[in-house]
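Participant: Kindly return the folded structure for what I paste below:
(one chain, ligands or ions: 1)
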Amino acid sequence: MSAQAPACQLLERQKDNYAALWAIGPPVDSWLIDQSTGVVSGDFDALREWQAKGKQARTPFDLAAGEPFGKEIVLFWPKAHQLGIWWLKWLCEQLPEGTAIEIVGEHQGGIKRVPKMLDELGMPWDKRDNARRCSLFATRTVTLDSSSDSAWQTFETLGLILLSHPGVFGHGKVDEGTLLLLESLESSLPKKPLKVLDMGCGDGIISAWLAQRGHHVTAVDVSAFAVEACKRTLAANGLEGRVFSSDVFSALEGEQFDWIVSNPPFHKERDISYGPSQRLISAAPEHLNVGGRLILVANGFLPYPDHLQRAFQDFQTLADNRRFKVYGAIKSGR
Ligand SMILES: C[S@@+](CC[C@H](N)C(=O)[O-])C[C@H]1O[C@@H](n2cnc3c(N)ncnc32)[C@H](O)[C@@H]1O
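Facilitator: Numbers count the residues shown, from 1 in each chain. Predicted coordinates for the structure are as follows:
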C-alpha cells in the first residue's frame, strides 16, 4: 500500500527514518496508519481509523499535561494556521525540551509560512525535503513564553459567553445561518422542557441557547476541539448538558429525542462533502420520538429539501433570508 495523501507521499520518501512514528493531526491515509505507532488528533474519524488497525489513538485533551506519548513526532500542518501554532505550543508543553519534531504539509495549505512562525516562536528549523507540492521541516521543542491555552477565545453574543478554539467552526464569531436558525426557533419553542440533540455542536452556541431556555441538551461533534469548546461554553454560562464525540449518530444508538437541531456540516477540509448531513437527515427519524422535529439551517443552494422529502415525506421552510434557509420536518406516527 503506497501513501495517497500528498503529505504522506513526501514522508514515504523518508520512511527509513521512521521506526515508531506518531502522527499529529494527520489525514486518514492507509500507508501512514500502517507505518505509525500512534496518532494524536482532534478528529474522531481519524482516531477510529487508527484504532481499527490496533494503533494507539488519543485526543490532545485525554493526555495529561506532560504525559509522554512518543518520540518520532510528525505534525501535519492544518489548514487553520492558528491551529497549527496551537499544536506546536502543545507539543512544546507535552514533550521534553529539545525533542525532535517534523512538520509536513501542502504548499496550498500554508506550510511555507511555517519557518517564519518557527522563528517567531524561537524554535530552530531546517528544511528536510520538498516534493508533491509539499515541504517537510525539522524543528525541536523549546520552552515557550506563552501557553497553548492562550489560543482559547471568549466572546459574548445573544446573552451567552462562548468559548472557541482555532479549528472550531466559525472560531470567534457567530455564523449567520446559526443566527437565523435560533431566531426562527424563538417563537416556536415550547415552554415544556424538551430533550434536544445539537448535532455538530461546534463551540456550543445552539446547545447553550437551548439549555438557557430550560431544555435538556445533548451535544455531539466529530471534532475533539468542538467537544471541548462546547463543554467550556456550557460551563462558562453555568449551564448543563451532555457533550461527547460522535460521528453523526454513531454514539447515539437507540437514543431518541424530541427535537434534533443542527447547522450541519457540508465541508471536510477544503472539499464539499454532503456525507454527514445526508446521514443526519436519513437517520433522523430513527432518533426522533413520534411528533419530534428535525430543524436545520443550510445555505439555500444545498440539496437538503430532496433528502428531507425522502426521509420524512414532507418538510416546511421555516425561514428564508435568501442566503440561508431553515427547514423543519416532523416524524409522523405512521
Ligand atoms: C456548520 S458547523 C456548526 C457548528 C455550530 N453548531 C454552530 O452553529 O456554530 C458543523 C459542525 O459539524 C461538525 N461535524 C462535521 N462532521 C461531523 C460528523 N460526521 N459528525 C458530527 N459532527 C460533525 C463540525 O466539526 C462542525 O462543528
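Participant: How about G66: what's its closest non-neighbour residue?
Facilitator: Among residues not flanking G66 along the chain, Q94 sits closest, at 6.5 Å (Cβ to Cβ, 6 or more residues apart in numbering). For glycine as for every other residue, the C-beta is placed from the backbone atoms N, C-alpha and C.
Participant: how about whichever residue of the stretch 51-200 of the chain sits closest to the ligand, what does it touch?
Facilitator: At 2.5 Å from the ligand, G200 is the closest residue in the stretch 51-200 of the chain, using Cβ to the nearest ligand atom. Neighbouring residues of G200 by Cβ atoms under 8 Å, 6 or more residues apart in numbering: 169, 220-222, 226, 262-265, 276, 280.
Participant: how does it look with 10 Å?
Facilitator: 169, 206, 219-223, 226, 246, 248, 261-265, 276-277, 280, 296 (Cβ atoms under 10 Å, 6 or more residues apart in numbering).
Participant: next one: Q35
Facilitator: Q35 neighbours (Cβ under 10 Å, 6+ apart): 1, 3, 8, 11-12, 15, 18-21, 23, 29, 55, 74.
Participant: Which members of the residues you listed occur in strands, if any?
Facilitator: Secondary structure from DSSP state E places 21, 23, 74 of the contacts of Q35 in strands.
Participant: For the second one, give me the pLDDT.
Facilitator: Read that as A23. For A23, the model assigns a pLDDT of 98.
Participant: same question, the last one
Facilitator: Taken from the predicted model, the pLDDT recorded for V74 is 98.
Participant: Please name the nearest non-neighbouring residue to it.
Facilitator: E102 (4.6 Å).
Participant: That neighbour - how many residues pack around it?
Facilitator: Other residues lying near E102 total 22 when counted by other Cβ atoms under 10 Å.
Participant: does it have beta-bridge partners, and which?
Facilitator: Listed beta-bridge partners, E102: V74, A138 (assigned using DSSP bridges).
Participant: Was I right to think it contacts L88?
Facilitator: No: counting by Cβ atoms under 10 Å, E102 does not reach L88; the two are 11.9 Å apart.
Participant: list residues touching both of those two?
Facilitator: Listed as contacting both E102 and L88 by Cβ under 10 Å, 6+ apart are 24, 75, 139.
Participant: These into TSV, with extra columns for neighbour count and distance to F312?
Facilitator: Listed next are the shared contacts of E102 and L88 as TSV, based on neighbours: other Cβ atoms under 10 Å; distance: Cβ to Cβ, whole Å:
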residue	neighbour count	distance to F312
I24	26	41
L75	24	44
T139	22	52
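Participant: now those residues as JSON lines including distance to the ligand?
Facilitator: Below are these laid out as JSON lines (distance: Cβ to the nearest ligand atom, whole Å):
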{"residue": "I24", "distance to the ligand": "18"}
{"residue": "L75", "distance to the ligand": "20"}
{"residue": "T139", "distance to the ligand": "28"}
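Participant: what ranges do the helices span in this protein?
Facilitator: Taking DSSP state H, the helices of the chain run over residues 6-12, 30-35, 44-52, 81-94, 114-121, 176-188, 205-212, 224-236, 275-283, 304-312.
Participant: and the shortest one, how far from the chain's centre?
Facilitator: In this case it means helix 30-35. Relative to the centre of its chain, helix 30-35 is centred 22 Å away, using Cα atoms, centre = their mean, to the nearest Å.
Participant: buried sites along that helix?
Facilitator: 31-33, 35 (16 or more other Cβ atoms under 10 Å).
Participant: residues from the stretch 101-250 of the chain in reach of the ligand?
Facilitator: On the criterion Cβ under 6 Å from any ligand atom, the ligand has as its neighbours in the stretch 101-250 of the chain the residues 169-170, 175, 178, 200-202, 205-206, 220-223, 226, 246-248.
Participant: beta partners for the most centrally placed residue in the chain?
Facilitator: Closest to where the C-alpha atoms of the chain average out (Cα atoms, centre = their mean) is S223, at 2.8 Å. S223 forms beta bridges with D43, as assigned by DSSP bridges.
Participant: So it versus L83, what's the distance?
Facilitator: To L83, S223 is 11 Å away according to Cβ to Cβ, to the nearest Å.
Participant: where do the contact lists of the two overlap?
Facilitator: 42, 165, 167-168.
Participant: Report how many residues lie close to V74.
Facilitator: Residues near V74, counting by other Cβ under 10 Å, number 24.
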